[in-house]
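1. The amino acid sequence is not available; the structure is as follows:
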């Protein structure tokens, strides 16, 4: 990879002054941004239930003079906040949902605070950049896919780019999230006394056992790009009663939506086998639109990488995201299929803890996470400046 110089590398004094201006703005606002991150962290709300989180974030944007629309696309916890009347519109994406039972174990509190910080910094230089800043509050990333109805409602239309940062165990600029389908599966059998009248029962728990054995055997024929995983949430209530119902939730992941289509049908057949073998009736329901694979904009990624180096974060365009995150998924992938986008990871010093562990939730409100809020806000804002300042200077 060719050497990338520091901010202001093109010798443009206007670009350099704007880069410094947005960094100074974020530093002046740092205490409020950390407070925002910690508030969300202390009040975790799961998918579609982020009422306090959305209210807290929109109140702050109101204070700053953004025009805020709540309940966008019929989603009560979604919002869009805008500032400026420029001819060039960019999107900053805020996520703020938590994980059931784990709180902010994926650090969405950091994501939202950084997005707000970048928005405030760009607000201050919007006139110089002929810019309109749009903050998109997207609920239910952890299952539900809030960005997809927002995308369908036109919230991402007219954007030159859409960006967010994500905390992780290490710094990395390129996101590689995969396509994913989320499903709920239910079996209905017949309850009966397990000792006295087992022959009258139809065991719904056994249906899941058969399905999981089938999935386990299928894995040896699946390519490394496929992941199948899930949980059984209910499979009976008493050991002396044959379970009459059982339900679970599962994910199927693949490198692309096309590959997902093929894998999904094979996994579906495993669940059907459970019903066939036990005599249960069954239902499989996708609980959200499918998430697409992520498409990185390499020009934006190169700019972000160079700017990150000036903040002491060593990223390499030749590397994938943090180990394991390449097999994660996000509805930001759907956005990236329509709008130029990046989704860099900023390390929060969590190792050996990684995303979706209780220890990562604890790490998401530490000084290292607070630094990720600050650095994320600076880098998002500076990336916009680098992309747009040249065109603005010509005017």
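-> Sure, I can see it. These numbers come from a predicted model, not from an experiment. Residues are numbered from 1 along each chain as shown.
2. Can you list the low-confidence ranges for the stretch 251-395 of the chain?
-> Low-confidence segments of the stretch 251-395 of the chain (pLDDT under 70): 319-327, 390-395.
3. What are the boundaries of the helices in it?
-> 257-278, 298-310, 332-336, 358-363, 367-394 (DSSP state H, counting those that start in this stretch).
4. could these go into a markdown table alongside distance to residue 246?
-> Where you see a C-beta, it was placed from the backbone N, CA and C, and this is true even at glycine. A markdown table is the format used below for these (distance: least, Cβ to Cβ, whole Å):
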| stretch | distance to residue 246 |
| --- | --- |
| helix 257-278 | 9 |
| helix 298-310 | 45 |
| helix 332-336 | 31 |
| helix 358-363 | 27 |
| helix 367-394 | 39 |
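5. any chance of those helices in TSV, with distance to residue 22 and mean neighbour count too?
-> Shown next, in TSV, are those (distance: least, Cβ to Cβ, whole Å; neighbours: other Cβ atoms under 10 Å):
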stretch	distance to residue 22	mean neighbour count
helix 257-278	36	18
helix 298-310	11	20
helix 332-336	23	26
helix 358-363	27	19
helix 367-394	4	23
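6. Please settle this for me: is residue 250 part of a helix?
-> No. Residue 250 is assigned strand when assessed by DSSP: H, G, I helix; E, B strand; the rest coil, not a helix.
7. which SS state does the closest residue in space to it that isn't next to it in sequence fall under?
-> Of all residues not flanking residue 250 in the chain, residue 230 sits nearest, at 3.0 Å (Cβ to Cβ, 6 or more residues apart in numbering). Put simply, residue 230 is strand when judged by three-state DSSP.
8. Could you report the neighbour count for residue 230?
-> Here the number of neighbours of residue 230 (other Cβ atoms under 10 Å) works out to 19.
9. out of the helices of the stretch 251-395 of the chain, nearest to residue 130?
-> Residue 130 lies closest to helix 367-394 among the helices of the stretch 251-395 of the chain, at 5.3 Å (Cβ to Cβ).
10. How far does that closest one sit from its chain's centre?
-> Distance, stretch centre to chain centre, for helix 367-394: 19 Å (Cα atoms, centre = their mean, to the nearest Å).
11. For that helix, name the packing helices and strands.
-> helix 13-42, strand 88-95, helix 108-124, helix 126-129, strand 131-138, strand 159-163, helix 298-310, strand 345-347 (3 or more Cβ pairs under 8 Å, 6 or more residues apart in numbering; DSSP states H and E).
12. Remind me what whatever helix or strand comes next after the first one packs against, helices and strands.
-> So the one you mean is helix 13-42. The helix or strand immediately downstream of helix 13-42 is helix 51-63, counting by DSSP states H and E. Packing contacts for helix 51-63, counted by 3+ Cβ pairs under 8 Å, 6+ apart, involve helix 13-42, strand 67-70, strand 79-83, helix 108-124, strand 131-138.
13. Apply 10 Å and report the result again.
-> Using 3 or more Cβ pairs under 10 Å, 6 or more residues apart in numbering; DSSP states H and E as the contact test, the elements touching helix 51-63 are helix 13-42, strand 67-70, strand 79-83, strand 88-95, helix 108-124, strand 131-138.
14. Tell me which of the ones you listed sits nearest to residue 161.
-> When the helices and strands packed on helix 51-63 are compared (using Cβ to Cβ), the closest one is strand 88-95, at 5.4 Å.
15. any idea how this structure splits into domains?
-> 13-177+293-394, 179-286 (automatic domain parsing).
16. now the last one, how far from the centre of its chain.
-> Centroid displacement of domain 179-286 relative to its chain, using Cα atoms, centre = their mean, is 27 Å.
17. got the end-to-end distance for it?
-> Terminal residues of domain 179-286 lie 14 Å apart, using Cα to Cα, to the nearest Å.
18. One more: stretch 227-240?
-> 35 Å.
19. buried residues in that stretch?
-> Using 16 or more other Cβ atoms under 10 Å as the test for burial, stretch 227-240 gives 227, 228, 230, 232, 235, 236.
20. most tightly surrounded among the domains of the chain?
-> Mean neighbours per residue, mean count of other Cβ atoms under 10 Å, is largest over the domains of the chain for domain 13-177+293-394, with a mean of 21.
21. Now do the same contact list for the nearest residue to residue 256 once chain neighbours are set aside.
-> Among residues not flanking residue 256 along the chain, residue 293 sits closest, at 5.2 Å (Cβ to Cβ, 6+ apart). Residue 293 is in contact with 175-180, 253-260, 329-330, 333-334, 336-337, counting by Cβ atoms under 10 Å, 6 or more residues apart in numbering.
22. do that again at 7 Å, thanks
-> By Cβ atoms under 7 Å, 6 or more residues apart in numbering, the contact set of residue 293 is 177, 178, 179, 255, 256, 257, 333.
23. re the thing from before, considering the buried residues of stretch 227-240, which is situated nearest to residue 184?
-> Set against residue 184, the nearest of the buried residues of stretch 227-240 by Cβ to Cβ is residue 230 (9.4 Å).
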